[in-house]
Every structure is written in structure tokens, then in C-alpha cells.
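In: Give the three-dimensional model of this entry:
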Amino acid sequence: MEFWYYFFAGVVATLMLVWITARLWMRLVKNKARHFVALSRREVELESQKARAQAEQQIRELRESAEAGARQRERQIDTRSAEVAVRVSEMERRERQFERYLGELERKHAAVQADATRYRDRLRALAGLDEKAIRAQLREEVALECQQELAALRNEILSKSETELHEDAKRILVTCMQRVSTEVPQELGASIVKLPSDDFKGRIIGKEGRNIRCFEAATGTTLMIDESPETVLVSSFDPVRREIARSALEALIIDGRIHPATIEAAVKKAEQSVREDVYAFGERAIEHVGLKSVPREIVAQLGRLNYHFSNNQNTLQHAVEVADLCGLLAAELGLDVNLAKRAGLFHDIGKALTDDLDTAHAEAGAALLKRHDENPKVVNAVGAHHDEMIVQSIYAPLVKIADHLSATRPGARADAIEGYISRVQALESLARGFEGVLDAYAVQAGREIRVLVEPEKISDSQARELSRQMRLRIEEQLTYPGSIRVTIIREQRFTDLAK
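Out: As a prediction, the model looks like this:
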């Protein structure tokens, strides 16, 4: 019994061991299976993610390729559209060109028909002419045609050369003028002396007029004592004498003692003062221009120009301005600047000479400079700047141009209204004197003349020639400041009335 008990106990123990082992094995198998399933699931997820990433990459590539293709197609469309637009514009241009050609052909056809009609008429007319008459008419036609062609060629060459010359001249003149500072003169040529009261008029006249006679004899001037309150006018053709008289009279008025002895003393003192001032004015002008080796008499005569006025323009200031312009023009043209400045400064020195009134101031100034051994080119430029002498060097027209610029700048001179009116009337009268002119009008203060011509008598080429002839005659016969533009107006009007 005990054996079976142990046997069954062993069997039971073995079964229990087998069962426990089986349970452990089953658990181990389940764990492995569970681990395998997890791994499999993870691999599946990784594979699915990889497949999804590949699919997304393919989708992106497809999308990018599709977008690139779309952009390329869009660019191709834009390129083709631009090409189409260019072709359309080219076709429109060719169409317009064709229309112009067609219009030109129509005009030429009409002209050919007109020529054919004219030639037929001429042939009918020639049918009744002999050989000599036909040759004479042919010569006239050829001469007229050659004359028109030569006139057209001449006008073209003249207009081109005039334009180039005008441009060069404008450039040089503007360059010089903008570098010269000018002043507008404000003084007048008359010498007026203010009196403290009208009582001084009687004291100036003196007993039986002895004071005024003594003053006029000592100064070589004339005192004009009229009804103007508290003023006395000093009159003289010599501006230096007039200045001496003015200075002496002002000194006498300040002193209060007016009798022959004090008059002579005051006049001598004024003469000495004016003589010193004259030389100082001349030296300042020469120093401003920068000249060297100028004789003392020339300096004194130059200073006398400070008291001389030409149409309200101070002559010494005018001379200095002309010298500056001459120097600038000479520098632009590559000439001797020193010679140009000397000629410009001395060009009006003859106006200061009072002992040679029968000679033009240009010739008198040239003679004075020649006596002092001045450069012959300067002497000729001074004598020829108003065409009194024959021009022998380039400096003469240089001085003439600078003198013209200084005298005609705005505000330089106060021209009288009578001279302006007479100049305008002379200009209009000269223009009306040409054949074929209907009327002429001076405009822009006499700086332009507009001429109306008869279109039946004056052709276009003849109008051009008429303007040239009129310009030459104006330059020869008239004296005027600045320049005058000649404008020829040739107009045809055709009028009809519809009823």
C-alpha cells in the first residue's frame, strides 16, 4: 500500500510537474508569440510609413513636375503671345507703309497725268512753232530749272554754314559775357549844384554880374541860373571843365564868401583836385585791366573819360568793360590777351581829347596812341573800331564786337525816344522800298522787321533772296544797336462762297 501510495504520489507529482512545465512553456510560447506579433506589427507600421513617405515623395515630384510643366507652358504661351504681338505690329506697320506707298503712287499717278496733260498742251503749242522758237523756249526752261536748283543748293549751304557759325559765335560770346560783371549806370551827364537857399543865386551872380562872369571865365563853363528852386546848372561840352566848375562852386557855397578872389582860388584848388582824381581814375582802370608800361599822358586822358557819358553810360566804365570782354574773347580765340585788353581799354580815348574836335574820336585816339609808340595792332584796332580806318588785324573786329556788346546790353544806355522813333521809321521805309513788298512792320522795339510780300510776284526762293538783300541794305544804310531779324511773310489764301 505504501508502494502504491508513493507510486501515485510520484505519478501525481510527475503530472503536476508536467502540468507546471506545460504551463510555463505555454506562457513562454505566448510571450514569444506576443513579442513576435509586436515586432511584426512594428515592421508593418514601418513599412507602411516608408510606403507612405515614398508615395508622398512621388506625389510631390509629380506635383512639381506638373507645376514646372505648367510654368513652362505658360512661358511658351507668353513667348508666343509676344511673338504674335510683334507680328501684328509689324503687319500694322507694313500696312501703314503700304498705305503710304499707295498714297504716294496715287499722287505720282496724278502728277504723271498732270505732266502728260501739260506736255500734250505743250506739244499742241509747239506744233505751231519753228525750230528757233523751240530752242529758245528750251533754253529758258533749262536756265530756270538750273537757277532753281542752284538757289536751293545755295540756301542749303548758307543755312548750314550760318547755323554752325552762329552756334560757335554764341558759345564764345555767352562764355565771355557770363564772366563779366557789369553795372547799370545811374548818373546823368548834366552837372546840377544844389543851393542852401535861393539867396545864393544873387550872391553867385554878384554885383552887375561880376561874380558869374569871373567864374565862367576861370572855368570855361556856363552857369544857368533859371527859375528852378535852389539849383544851378553847370553847362560845358568839356566834362572835365564841368567837373572843375561843379567842385569849385560847391566849395564856394560851403565857404560862403563869393567874390573874384575866392572864385579864382577855389577854381585853382578844384583844378588840382580834379587833375589828381583824373590820374587816379586812369591808374585804377589800368590796374583793373592789368596793363603794364602805359605813358602818363595816356593814363591822364584815360582818367578824363570818367567824366564823359554816352547816352547815360560812363565812358571809362564802358572802356574797362570792353577791355574785359576783349580779353575773354581773345583767350577763347587763342589771341594775345594783353594786346586785346589794351585795344579795348584805349578804344574810346579819343573822346577825352578837346584839342582835336574836327576828327572822329577813333582817329584822334589812334593818332594819340601812335605818338606814344603804341603797338601798331592796338593803334589800328582803336582807329578801325568804327570803320574810320582799314582793318589790318583781327583785334579791330574784336574791339568792335566787344564795344557793341557793352553798348547794347540791357540798361547800358538810355536812348532818346526821338532816335528810337526815327530808327524804326527808317527801317520800315527801307523795307517798303523793295519791289513786291506790300507792307512792313518793325516789332520788338525795332529788333525785328516783318515784311509782307505779294505771293503772285515773289516765290519762295525769291523771298529767301529778298531777305538776304534786305539784310545787306540794312547793314549798309542804317545805324542801330544789337541786331535786326528780317522775316519775310508770303501767304496765299483761297476763298470761295457756297450759296
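In: Arg473: what secondary structure?
Out: Following DSSP: H, G, I helix; E, B strand; the rest coil, Arg473 is assigned to helix.
In: And Ala440, what's its pLDDT?
Out: Ala440 is assigned a pLDDT of 90 by the prediction.
In: contacting residues around the strand or helix carrying it?
Out: According to DSSP states H and E, Ala440 maps onto strand 437-443. Strand 437-443 is contacted by residues 424, 427-428, 431-432, 448-454 when judged by C-beta atoms under 8 Å, 6 or more residues apart in numbering. Every C-beta, even on glycine, is put in place using the N, C-alpha and C of the backbone.
In: State the next helix or strand along the chain beyond it.
Out: Past strand 437-443, the next helix or strand by DSSP H and E is strand 448-453.
In: average pLDDT for that following strand?
Out: pLDDT averaged over strand 448-453 gives 90.
In: Kindly list the main-chain dihedrals of Asp235?
Out: Careful, residue 235 is Ser and not Asp. Phi and psi for Ser235, reported as degrees, to the nearest 10, are phi -120, psi 130.
In: So among the contacts of strand 437-443, which ones count as buried?
Out: Taking 16 or more other C-beta atoms under 10 Å as the criterion, what is buried in those is 424, 427-428, 431, 449-453.
In: What is the neighbour count of Ser89?
Out: Other residues near Ser89 come to 10 when the count uses other C-beta atoms under 10 Å.
In: Look up which helix or strand it falls in, please.
Out: Per DSSP H and E, Ser89 falls inside helix 2-126.
In: Can you give the domain ranges for this protein?
Out: 185-275, 290-414, 417-489 (automatic domain parsing).
In: Put together JSON lines for these, with distance to Met91 on each row.
Out: As requested, those are exported to JSON lines (distance: least, C-beta to C-beta, whole Å):
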{"stretch": "domain 185-275", "distance to Met91": "70"}
{"stretch": "domain 290-414", "distance to Met91": "56"}
{"stretch": "domain 417-489", "distance to Met91": "40"}
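In: Out of the ones you listed, which is closest to Arg42?
Out: domain 290-414 (99.3 Å; C-beta to C-beta).
In: ok, back up a step: list the neighbouring strands of the strand holding Ala440 plus their orientation.
Out: strand 448-453 (antiparallel) (DSSP bridges).
In: List the contacts of the partner strand.
Out: 427-428, 431, 434, 436-443, 463, 466-467, 470, 474, 484-491.
In: Show the buried residues in the residues you listed.
Out: Among these, the ones that count as buried (16+ other C-beta under 10 Å) are 427-428, 431, 434, 436-437, 440, 442, 463, 466-467, 470, 474, 484, 486, 488, 490.
In: Among those residues, name the ones in strands.
Out: Under the assignment DSSP state E, those contribute 437, 440, 442, 486, 488 to strands.
In: List just the nearest of the residues you listed to Ile77.
Out: Nearest member of those to Ile77, counting by C-beta to C-beta, is Ile488, at 61.9 Å.
In: Against Ala431, how distant is the closest one?
Out: Ile488 sits 10 Å away from Ala431, taking C-beta to C-beta, to the nearest Å as the criterion.
In: Report the set of residues contacting both of those two.
Out: 451, 470.
In: Quick check: Ile458 touching Ile489?
Out: No. Ile458 is beyond contact range of Ile489, at 10.4 Å (criterion: C-beta atoms under 8 Å).
In: Give me the common contacts of the two.
Out: By C-beta under 8 Å, 6+ apart, no residue touches both Ile458 and Ile489.
In: any idea which helix or strand comes after the helix or strand bottoming out on mean pLDDT in the chain?
Out: Across the helices and strands of the chain, mean confidence by mean pLDDT, DSSP states H and E is lowest for helix 131-177: a mean of 63. Sequence-wise, the next helix or strand downstream of helix 131-177 (DSSP H and E) is strand 191-194.
In: any idea how far that next one is from the chain center?
Out: Distance of strand 191-194 from its chain centroid, counting by C-alpha atoms, centre = their mean, to the nearest Å, is 43 Å.
In: for stretch 365-383, how far is the first residue from the last?
Out: For stretch 365-383, the first-to-last residue distance is 7 Å (C-alpha to C-alpha, to the nearest Å).
In: any idea of the mean pLDDT in that stretch?
Out: Average pLDDT, stretch 365-383: 86.
In: Same question for stretch 65-76.
Out: 83.
In: go on, stretch 9-20?
Out: 80.
In: I'd like the distance from that stretch to the chain centre, please.
Out: On C-alpha atoms, centre = their mean, the centre of stretch 9-20 falls 133 Å from the chain's centre.
In: Let the chain start at 69 from now.
Out: Renumbered: residue one is now 69, and that last one reads stretch 77-88.
In: neighbouring contacts of it?
Out: Against stretch 77-88 from outside (C-beta under 8 Å, 6+ apart): no residues.
In: what comes up buried for it?
Out: Of the residues in stretch 77-88, none is buried (16+ other C-beta under 10 Å).
In: and that stretch, C-alpha only, in CSV?
Out: Presented in CSV, the C-alpha positions along stretch 77-88 are these (Å, rounded to 0.1, in the frame of the first residue of the first chain):
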residue,chain,number,x,y,z
ALA,A,77,2.2,10.4,-5.3
GLY,A,78,5.1,10.2,-7.7
VAL,A,79,2.7,10.0,-10.6
VAL,A,80,0.7,12.9,-9.3
ALA,A,81,3.9,14.8,-8.7
THR,A,82,5.1,14.0,-12.2
LEU,A,83,1.8,15.1,-13.6
MET,A,84,1.9,18.3,-11.6
LEU,A,85,5.5,18.8,-12.8
VAL,A,86,4.5,18.1,-16.4
TRP,A,87,1.5,20.4,-16.0
ILE,A,88,3.6,23.2,-14.5
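In: quick one, helices of the stretch 369-518 of the chain?
Out: Taking DSSP state H, counting those that start in this stretch, the helices of the stretch 369-518 of the chain run over residues 383-401, 405-414, 429-439, 444-452, 463-476, 485-500.
In: who wins for proximity to Gly350 among the ones you listed?
Out: For those, proximity to Gly350 was assessed by C-beta to C-beta; helix 383-401 is nearest, at 8.2 Å.
In: and that closest one, which residues are buried?
Out: 383-399.
In: Between the contacts of strand 505-511, which sits nearest Asn448?
Out: Nearest member of those to Asn448, counting by C-beta to C-beta, is Leu495, at 31.6 Å.
In: contacting residues for that closest one?
Out: Contacts for Leu495 (C-beta under 8 Å, 6+ apart) come out as 508, 510, 514, 517, 542, 546, 548, 552.
In: rerun that using 6 Å as the cut-off
Out: The contact partners of Leu495, by C-beta atoms under 6 Å, 6 or more residues apart in numbering, come to 510, 517.
In: ok, now how distant is it from Arg558?
Out: Applying C-beta to C-beta to Leu495 and Arg558 gives a distance of 20 Å.
In: Can you tell me which of the ones in strands among the buried ones among the contacts of strand 516-521 is closest to Arg155?
Out: Nearest to Arg155 among these, with distances taken as C-beta to C-beta, is Ile556, at 50.2 Å.
In: for the closest one, which residues make a bridge with it?
Out: Residues in beta-bridge contact with Ile556 (DSSP bridges): Val519.
In: pLDDT at it, what is it?
Out: 90.
In: And it, how far from Arg168?
Out: Counting by C-beta to C-beta - Ile556 and Arg168 are separated by 32 Å.
In: does the closest residue in space to Pro264 that isn't next to it in sequence sit in a helix, a strand or a coil?
Out: Nearest non-adjacent residue to Pro264, counting by C-beta to C-beta, 6 or more residues apart in numbering: Ile321, 6.9 Å away. Look at Ile321: counting by three-state DSSP, its state is helix.
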